[in-house]
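Q: please work out how this folds:
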Amino acid sequence: MAVCLGAVAWSNGRDRAHRRQNLEDDTRVVASQFASRIKGGLELHRVGLQQMTNFWTNSEEVTEQEFYDFSAGTLKVSPLCLRLSAVDPSLRVRWVYPPEPNLSLVGFDVKTHPQGHETFLRAMQVKEPVLSAPLQLVGGAQGFVLAAPIFRKGRFLGELVCSIRSADFFGSLILPEVIDRYGEMVLDTGTPLFASASFESSSSSVPPVAETFDLGGRTWEVRVLPREEVIRERLHTGQAGFWTLGWLLTLGVGCAAAGGTYWGSAIASHFRSQKAALSKTREQLDGAMRQLLQAEKLTALGELIAGVAHEINNPLSTIMGYSQLLMGGEFPEEVRKRRLETVHSEAERMAKIVRNLLTFARKHPPEKKFLGLNGIIEKTLELKTYHFRASQIEVEKDLDPDLPRTMLDFHQMQQVIINLLNNAEQALIESGRRGRIRIETRVRADRIVTRVSDNGPGMPLEIQERIFEPFFTTKQEGKGTGLGLSLCYGITREHGGTIQVESRPGEGASFIIELPVIHDTAVLNEEAPSAQAQPMPSLRILVVDDELALQDFLVDLLSSRGHRVDTASDVPEALRKIAVNGHDLIISDMKMPHGSGKDIFKAVTSKSPRLARRIVFTTGDGASAETERFLKETGNEIVLKPFKIQEIETAITKAIKN
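A: As a prediction, the model looks like this:
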């Protein structure tokens with residue numbers, strides 16, 4: 001009975017510790033979410049203020065009415081901003097929006113407000129938007145300001161200031177369900193900015209959880225602690241019942257031992273626990289198998305990322321260097337053209353690298369199509385270019401140009417090639433010799449034969465016999481899951497093919513994949529070349545994109561082709577212009593502030609189904625599965641960023657035929 005009672009007490013202690021840990025984890029999630037909402041709210045205000053400074057910088061002269069109009073639009077996007085002020089170079093308030101309750105602030109000398117003056121000087125120094133320390137706003141309320149300097153060609157024109165009342169800002173970001181269960185406090189470098197009533201009055205037995213983030217030159221700390229009733233609910237609920245059951249169990253065990261029945265009950269209990277343990281172990285193995293299968297792809301992806309970053313940095317350095325040369329010096333027209341061609345080709349190289357990585361990283365449902373294996377091999381080698389060059393591994397390709405197409409799942413076969421290349425690369429690196437990998441494809445009878453060979457150390461016969469078994473690996477712990485080659489085996493068999501290895505110690509290794517040639521009877525003959533394209537008529541086009549630089553590029557491109565171009569930076573603005581301007585075609589980004597390209601499509605469909613068919617979508621993160629389903633339903637054109645001029649012109653030509 002004493003041992004049993006001790007076990008009950010130990011179990012109770014473990015349970016309380018587990019509950020306390022769960023409560024701390026839940027509180028940390030709440031703190032992280034609150035910090036993210038605060039940072040997102042500040043970022044939204046910073047972007048709105050930055051757009052106003054860009055407008056000011058790009059305008060020869062800004063009138064008071066233009067300031068009011070732009071401020072009204074900014075406050076719609078950033079409604080938590082108490083007021084927007086324009087300060088002249090002498091640091092006196094020139095205009096304030098909204099004007100009616102703030103006319104007394106016009107002419108206010110910022111230098112008389114020490115904390116505000118310090119913020120203005122810091123913004124002038126760093127030349128970007130900054131946050132102030134906690135301060136008393138003009139008018140008496142506690143809060144803070146976001147100041148953005150305005151420079152045009154190096155000359156200081158003043159600053160734009162967004163004043164924010166702490167109670168309004170933080171109170172709007174706390175979810176109602178969080179207020180009832182947690183207390184919140186926000187500090188700026190140790191100085192309190194905001195504290196909920198429950199936080200100030202709390203004497204919690206659980207320490208608060210803190211999250212910090214930096215923005216606008218300030219470090220903010222968010223502290224969250226659960227309310228006392230939440231602590232009691234999580235830590236003490238069920239204690240009486242638990243101890244009642246514990247005492248009953250103790251008495252029962254004592255009586256059973258005294259009656260001599262413990263042995264039989266122990267045997268039965270043993271069998272029951274073994275059955276439960278086996279069932280749990282089976283569930284854990286099934287889950288681990290699913291996780292390891294995905295981890296195999298993530299492992300390959302992780303190895304590719306460093307190389308991709310290096311591959312992007314190289315052309316990016318070339319682009320930046322030539323751009324600065326072309327902006328800062330005078331060159332003959334022929335030299336300028338040649339340098340611009342280099343910049344363009346390097347940008348195309350970066351776009352190709354990013355698209356290949358996005359294609360490999362995204363999860364894809366199994367889908368076989370009529371494809372050529374050579375193309376899959378070429379795209380896979382592009383992902384490994386940097387790794388092979390950095391490891392001084394030479395790659396030889398001998399791909400049959402007449403290789404027939406067959407039914408293949410692109411992403412599964414790419415995973416097979418990636419695994420074989422990774423194994424060959426690791427074997428060559430560990431051997432320390434100058435490596436060479438050879439890939440060749442051939443047709444034998446009605447089979448496609450692919451051979452991936454290396455001149456590495458090879459492998460003994462006993463390893464070859466087990467190499468395709470799941471979880472069998474010769475790599476050091478932490479460097480392999482043992483699933484790579486078993487995954488290759490399963491994918492190859494699912495395609496109706498075979499995979500085998502040929503190797504001798506010291507003479508390298510070769511993996512041979514054979515796949516059947518399956519003829520797709522549904523493939524139609526290629527259409528005859530179309531007649532020469534007719535000149536495109538002048539169109540009224542609306543460009544919807546939150547990236548102003550891309551917006552300007554499309555305006556310049558389309559205007560040079562004779563089109564009349566209108567622009568919008570978010571969905572609400574786009575819908576207002578669509579309602580009144582009578583456009584012939586729309587070019588819209590898929591992801592934007594306050595909505596998406598789908599929202600524009602739905603709104604246009606209800607007004608003009610014909611115009612809805614003439615929407616060309618653009619996206620910068622690749623066509624996701626959800627986007628592909630949407631486009632399959634609508635039939636609209638999509639252009640992946642970054643795009644070539646010819647791609648956007650082709651999409652417009654197809655769209656105006658709808």
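Q: if I look at the closest residue to residue 222 other than its chain neighbours, how far off is residue 243?
A: Nearest residue to residue 222, sequence neighbours excluded (C-beta to C-beta, 6 or more residues apart in numbering): residue 35, at 4.3 Å. (Glycine included, C-beta is placed from N, CA and C.) According to C-beta to C-beta, to the nearest Å, residue 35 and residue 243 sit 39 Å apart.
Q: counting neighbours, what do you get for residue 212?
A: 12 (other C-beta atoms under 10 Å).
Q: which residue lies closest in space to it, excluding its sequence neighbours?
A: residue 221 (4.8 Å).
Q: and what of residue 641?
A: residue 620 (4.1 Å).
Q: which residues does the one you found contact?
A: 589, 591, 640-642 (C-beta atoms under 8 Å, 6 or more residues apart in numbering).
Q: show me the helices in the stretch 101-250 of the chain, by range?
A: 114-126, 166-173, 176-179, 197-200, 228-236, 239-259 (DSSP state H, counting those that start in this stretch).
Q: which of those helices has the lowest mean pLDDT?
A: Averaged per stretch, pLDDT over the helices of the stretch 101-250 of the chain is lowest on helix 197-200, reaching a mean of 72.
Q: may I see the buried residues of the host helix or strand of residue 437?
A: Secondary structure assigned from DSSP states H and E places residue 437 in strand 435-444. By 16 or more other C-beta atoms under 10 Å, the buried positions in strand 435-444 come out as 435-441.
Q: residues making contact with that strand?
A: 373-374, 377, 381, 388, 391-400, 402-404, 421, 424-425, 428-429, 448-456, 514, 517.
Q: would you reformat the helices of the stretch 101-250 of the chain as a markdown table and include distance to residue 546 and mean neighbour count?
A: Shown next, in a markdown table, are the helices of the stretch 101-250 of the chain (distance: least, C-beta to C-beta, whole Å; neighbours: other C-beta atoms under 10 Å):
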| stretch | distance to residue 546 | mean neighbour count |
| --- | --- | --- |
| helix 114-126 | 24 | 17 |
| helix 166-173 | 22 | 17 |
| helix 176-179 | 30 | 12 |
| helix 197-200 | 36 | 14 |
| helix 228-236 | 40 | 15 |
| helix 239-259 | 54 | 13 |
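Q: make a markdown table out of those and add distance to residue 82.
A: Below are the helices of the stretch 101-250 of the chain laid out as a markdown table (distance: least, C-beta to C-beta, whole Å):
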| stretch | distance to residue 82 |
| --- | --- |
| helix 114-126 | 14 |
| helix 166-173 | 7 |
| helix 176-179 | 22 |
| helix 197-200 | 22 |
| helix 228-236 | 33 |
| helix 239-259 | 49 |
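Q: show me the contacts for the residue of the chain positioned farthest from its centre.
A: Ranked by distance from the centre of the chain (C-alpha atoms, centre = their mean), the top residue is residue 259, with 65.5 Å. Taking C-beta under 8 Å, 6+ apart, we find residue 259 in contact with no residue.
Q: quick check: it vs residue 391, distance?
A: 73 Å.
Q: repeat that for residue 84.
A: 56 Å.
Q: so these two - more neighbours on which side?
A: residue 84 (26 against 14).
Q: helix, strand, or coil at the more buried one?
A: strand (DSSP: H, G, I helix; E, B strand; the rest coil).
Q: what residues are up against it?
A: Counting by C-beta under 8 Å, 6+ apart, the residues that residue 84 touches are 52, 71, 74-75, 96-97, 160-163.
Q: if you set the cut-off to 7 Å instead, what comes out?
A: 71, 74-75, 97, 160, 162 (C-beta atoms under 7 Å, 6 or more residues apart in numbering).
Q: what's across from it in the sheet?
A: Beta-bridge pairing of residue 84 under DSSP bridges involves residue 97, residue 162.
Q: can I take it that residue 94 is in a helix?
A: No: assessed with three-state DSSP, residue 94 is strand; it does not lie in a helix.
Q: that one: neighbour count?
A: Counted with other C-beta under 10 Å, residue 94 comes out at 16.
Q: the stretch 501-650 of the chain: helices as residue ranges?
A: 548-560, 571-581, 597-607, 609-612, 625-634, 645-655.
Q: give the contact list for the residue nearest to residue 45 when sequence neighbours are not counted.
A: Nearest residue to residue 45 in three dimensions, chain neighbours excluded: residue 78, at 4.6 Å (C-beta to C-beta, 6+ apart). Shown in contact with residue 78 (C-beta under 7 Å, 6+ apart): 44-45, 48.
Q: mind checking how far residue 78 is from residue 517?
A: Relative to residue 517, and taking C-beta to C-beta, residue 78 is found at 61 Å.
Q: can you count the residues close to residue 189?
A: With other C-beta under 10 Å as criterion, residue 189 counts 11.
Q: wouldn't it be in contact with residue 217 here?
A: No: Residue 189 lies out of contact with residue 217 (C-beta atoms under 7 Å); the separation is 10.4 Å.
Q: care to break the chain down by domain?
A: 1-180+230-260, 302-355, 364-516, 540-655 (automatic domain parsing).
Q: got the end-to-end distance for the last one?
A: This points to domain 540-655. Domain 540-655 stretches 13 Å from its first residue to its last (C-alpha to C-alpha, to the nearest Å).
Q: mean confidence score for it?
A: Mean predicted lDDT for domain 540-655 stands at 87.
Q: and it, how far out from the chain's middle?
A: 22 Å (C-alpha atoms, centre = their mean, to the nearest Å).
Q: could you dump stretch 248-266 to PDB, C-alpha only?
A: Only the C-alpha atoms of stretch 248-266 are listed here, as PDB (Å, rounded to 0.1, in the frame of the first residue of the first chain):
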ATOM      1  CA  LEU A 248      -9.200   3.400  -3.600                       C
ATOM      2  CA  LEU A 249      -6.500   1.900  -5.800                       C
ATOM      3  CA  THR A 250      -4.100   1.800  -2.800                       C
ATOM      4  CA  LEU A 251      -6.700   0.000  -0.700                       C
ATOM      5  CA  GLY A 252      -7.600  -2.400  -3.500                       C
ATOM      6  CA  VAL A 253      -4.000  -3.300  -4.100                       C
ATOM      7  CA  GLY A 254      -3.500  -3.900  -0.400                       C
ATOM      8  CA  CYS A 255      -6.500  -6.100  -0.100                       C
ATOM      9  CA  ALA A 256      -5.500  -8.000  -3.300                       C
ATOM     10  CA  ALA A 257      -2.000  -8.700  -1.900                       C
ATOM     11  CA  ALA A 258      -3.500  -9.800   1.500                       C
ATOM     12  CA  GLY A 259      -6.000 -12.100  -0.300                       C
ATOM     13  CA  GLY A 260      -3.300 -13.700  -2.400                       C
ATOM     14  CA  THR A 261      -4.800 -12.600  -5.800                       C
ATOM     15  CA  TYR A 262      -2.100 -10.200  -6.800                       C
ATOM     16  CA  TRP A 263      -0.200 -12.600  -9.000                       C
ATOM     17  CA  GLY A 264      -3.200 -13.400 -11.200                       C
ATOM     18  CA  SER A 265      -4.200  -9.800 -11.600                       C
ATOM     19  CA  ALA A 266      -0.600  -8.800 -12.300                       C
END
